[in-house]
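[1] Just need the structure, nothing else, for what follows:
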Amino acid sequence: MIGEENKIILMEDSQNQGCHPEGTAWFEFHMELPSETEPFQLEQAVCSHGFFMMAPNHWDPLSKTLTRPLLLHNPSSPSSSSSSLLVSISQRSQSLAVRVHSVHSISPQQQRHITAQISRMLRLSQAEEKAVREFRSVHIDHPNRSFGGRVFRSPTLFEDMVKCILLCNCQWPRTLNMAQALCELQFELQNVLPCAVVGSSNPKVEAEGFVPKTPASKENRIKKAQPKGTLLKKKLELELELEVDGNLQIDNHVFDLSSDTTSLPPDNGDSEMHGSDDSCYQFPNEGEYFDRTGNFPSPIELANLSESFLAERCRLGYRARYILELAQAIVEGKIQLEELEELSKDASLSCYKQLGEQLKQIKGFGPFTRANVLMCLGYYHVIPWDSETIRHLKQVHSKNTTSKTIESDLEEIYGKYEPYQFLAFWSEIWDFYETRFGKMNEMHSSVYKRITASNMRSTVNATNKRKRPSRKCQC
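    Next comes the predicted model:
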């Protein structure tokens, strides 16, 4: 995955090692960036989708640096060890400076694995470069300077698939909360109870002694106030809908992961909408955050957990079953991640249909989730839609869109950009959010939780704008 295929060159003469002032070791190497398209901008490539706000990613808007743990082995191998190191990525002209923390050196093979994961996150392959060039050529009538045609994704397909599940049927703060809880769980599995859970022969490890740390979200607080009969009925209806339809015609603004907050409506104490505990969603400073938060869990780390434990520890609800079954299928070899990635390399329509059929067999992967996963794999001709998409078409395009007409409306508006309909839509909606909330790459992580559907629908008055000099939201 290195060299000509990904247009990435490791600059050997720029490798170095050293220590921070406080004595922490680090190792640094550079990746030369492709030059065929317009000048690459790291902040554009990272701050282009809500995934960059989800743990374990941490974007620093001041230094324009992305920091997160990355695996030291081939991420497509589900049975590999879960060893990882904290890595920071920043831009130096037409190269990326990659700093690996807490080590004086890494092996050439580990360096290749880290480079491949960075290449995947930032979409630096030849195929993605071609897509960026072609999209810009057909989308010249509506340029969005904050969207360069690259949609940020995870370093592994498994992380993308799980995060697509986390987007469904909940508010954005809860999605952030669940992702962070999964990363905290990974840290605990590696450092707190490695013998009790990791590698256990028990196929359903309960991990007694683990106490869920993630506070209940708005969704849980609402449930407590409702009659048990009503809750049970709604729960059964929802789970039935998810089983059959695969997720999503509910008003959850999952795709409004894009909103910035140079200015936001003031917090009026509406804790039901915004949440009452800022600490649940903001990243502490780098050292504190990564001291207690691990990498995103791998399939093998989740496969032996019990559904009840996973659901309770990370407040996943019904999603725990889907995530657990996905992890188990990968570990058992029923789902081959490497094969799915290989099929998507040329982004052909025949492969799209084949991949779609494979994903359709996985529980919890309905139309919306499948379309999102396939977008992560490089297919841009289908726009995943939900109620937020309907809102956008009504508000921006003055369409009387409903769930029955949305597909024809999307075709009417974005069909001319084929096969890059999603990129055209995403560029437009990203521009809408940035116009309303401010630049994504300048947002401070502490306000991510305030990117909700209500704030996107409401008009932001000049009198209600709250200035945050260096604390801007991104989605």
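
[2] Show me the helices in the stretch 351-475 of the chain, by range?
    367-376, 387-397, 406-414, 421-437, 453-457 (DSSP state H, counting those that start in this stretch).

[3] possible to save those helices as JSON lines with mean pLDDT?
    Below are these laid out as JSON lines (pLDDT from 0 to 100):
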{"stretch": "helix 367-376", "mean pLDDT": "96"}
{"stretch": "helix 387-397", "mean pLDDT": "90"}
{"stretch": "helix 406-414", "mean pLDDT": "96"}
{"stretch": "helix 421-437", "mean pLDDT": "88"}
{"stretch": "helix 453-457", "mean pLDDT": "67"}
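
[4] Could you dump these into JSON lines with mean neighbour count and distance to residue 77 added?
    Where you see a C-beta, it was placed from the backbone N, CA and C, and this is true even at glycine. Shown next, in JSON lines, are those (neighbours: other CB atoms under 10 Å; distance: least, CB to CB, whole Å):
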{"stretch": "helix 367-376", "mean neighbour count": "23", "distance to residue 77": "19"}
{"stretch": "helix 387-397", "mean neighbour count": "17", "distance to residue 77": "36"}
{"stretch": "helix 406-414", "mean neighbour count": "16", "distance to residue 77": "38"}
{"stretch": "helix 421-437", "mean neighbour count": "22", "distance to residue 77": "30"}
{"stretch": "helix 453-457", "mean neighbour count": "18", "distance to residue 77": "39"}
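
[5] out of those, nearest to residue 120?
    helix 367-376 (9.6 Å; CB to CB).

[6] Please identify the helix or strand for the residue nearest to residue 294 when sequence neighbours are not counted.
    Leaving aside its chain neighbours, residue 294 sits nearest to residue 187 (3.2 Å; criterion: CB to CB, 6 or more residues apart in numbering). Secondary structure from DSSP states H and E places residue 187 in helix 172-191.

[7] Now that helix: average pLDDT?
    Throughout helix 172-191, pLDDT has a mean value of 94.

[8] buried residues in it?
    For helix 172-191, burial by neighbour count (16 or more other CB atoms under 10 Å) applies to 172-190.

[9] ok, now stretch 320-334?
    Quick answer for stretch 320-334 (16+ other CB under 10 Å): 320, 321, 322, 323, 324, 325, 326, 327, 328, 329, 330, 331.

[10] would you list those residues in JSON lines and tack on pLDDT, distance to residue 24 and secondary structure?
    Formatted as JSON lines, the buried residues of stretch 320-334 follow (pLDDT from 0 to 100; distance: CB to CB, whole Å; DSSP: H, G, I helix; E, B strand; the rest coil):
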{"residue": "320", "pLDDT": "98", "distance to residue 24": "36", "secondary structure": "helix"}
{"residue": "321", "pLDDT": "98", "distance to residue 24": "41", "secondary structure": "helix"}
{"residue": "322", "pLDDT": "98", "distance to residue 24": "39", "secondary structure": "helix"}
{"residue": "323", "pLDDT": "98", "distance to residue 24": "34", "secondary structure": "helix"}
{"residue": "324", "pLDDT": "98", "distance to residue 24": "36", "secondary structure": "helix"}
{"residue": "325", "pLDDT": "97", "distance to residue 24": "40", "secondary structure": "helix"}
{"residue": "326", "pLDDT": "98", "distance to residue 24": "36", "secondary structure": "helix"}
{"residue": "327", "pLDDT": "97", "distance to residue 24": "33", "secondary structure": "helix"}
{"residue": "328", "pLDDT": "97", "distance to residue 24": "38", "secondary structure": "helix"}
{"residue": "329", "pLDDT": "97", "distance to residue 24": "39", "secondary structure": "helix"}
{"residue": "330", "pLDDT": "96", "distance to residue 24": "34", "secondary structure": "helix"}
{"residue": "331", "pLDDT": "95", "distance to residue 24": "34", "secondary structure": "helix"}
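
[11] Would you reformat those residues as TSV and include distance to residue 107?
    Shown next, in TSV, are the buried residues of stretch 320-334 (distance: CB to CB, whole Å):
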residue	distance to residue 107
320	36
321	39
322	36
323	32
324	33
325	35
326	31
327	28
328	31
329	31
330	26
331	26
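
[12] and which of these is nearest to residue 126?
    residue 330 (26.8 Å).

[13] so who does that closest one touch?
    78, 158, 299, 303, 337 (CB atoms under 8 Å, 6 or more residues apart in numbering).

[14] again with residue 358
    Residue 358 touches 335, 340, counting by CB under 8 Å, 6+ apart.

[15] what about 7 Å?
    Taking CB atoms under 7 Å, 6 or more residues apart in numbering, we find residue 358 in contact with residue 340.

[16] re earlier: packing partners for the helix holding residue 187?
    helix 157-166, helix 307-314 (3 or more CB pairs under 7 Å, 6 or more residues apart in numbering; DSSP states H and E).

[17] Let's see that helix as CSV, backbone CA atoms only.
    In CSV, the C-alpha atoms belonging to helix 172-191 read as follows (Å, rounded to 0.1, in the frame of the first residue of the first chain):
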residue,chain,number,x,y,z
TRP,A,172,-24.8,13.7,17.8
PRO,A,173,-23.6,14.2,21.4
ARG,A,174,-24.5,10.6,22.1
THR,A,175,-22.7,9.4,19.0
LEU,A,176,-19.5,11.2,20.3
ASN,A,177,-20.1,9.7,23.7
MET,A,178,-20.4,6.2,22.5
ALA,A,179,-17.2,6.5,20.4
GLN,A,180,-15.3,7.8,23.3
ALA,A,181,-16.6,5.1,25.6
LEU,A,182,-15.5,2.4,23.1
CYS,A,183,-12.0,3.9,23.1
GLU,A,184,-11.9,4.0,26.9
LEU,A,185,-13.0,0.4,26.9
GLN,A,186,-10.1,-0.5,24.6
PHE,A,187,-7.7,1.1,27.0
GLU,A,188,-9.2,-0.8,29.9
LEU,A,189,-9.1,-4.1,28.0
GLN,A,190,-5.4,-3.6,27.3
ASN,A,191,-4.3,-2.1,30.7
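
[18] In contact with the residue nearest to residue 294, which residues?
    Residue 187 neighbours (CB under 7 Å, 6+ apart): 292, 293, 294.

[19] Could you count how many residues lie near the first one?
    Per other CB atoms under 10 Å, the neighbour tally for residue 292 reads 13.

[20] for residue 346, same thing?
    So residue 346, with other CB under 10 Å, has 10 neighbours.

[21] Give me the phi and psi for it.
    phi -100, psi 0 (degrees, to the nearest 10).

[22] With residue 382 instead?
    According to degrees, to the nearest 10, residue 382 has phi -120, psi 130.

[23] so what's residue 421 up against?
    So residue 421 contacts 380, 381, 383, 414, 415 (CB under 7 Å, 6+ apart).
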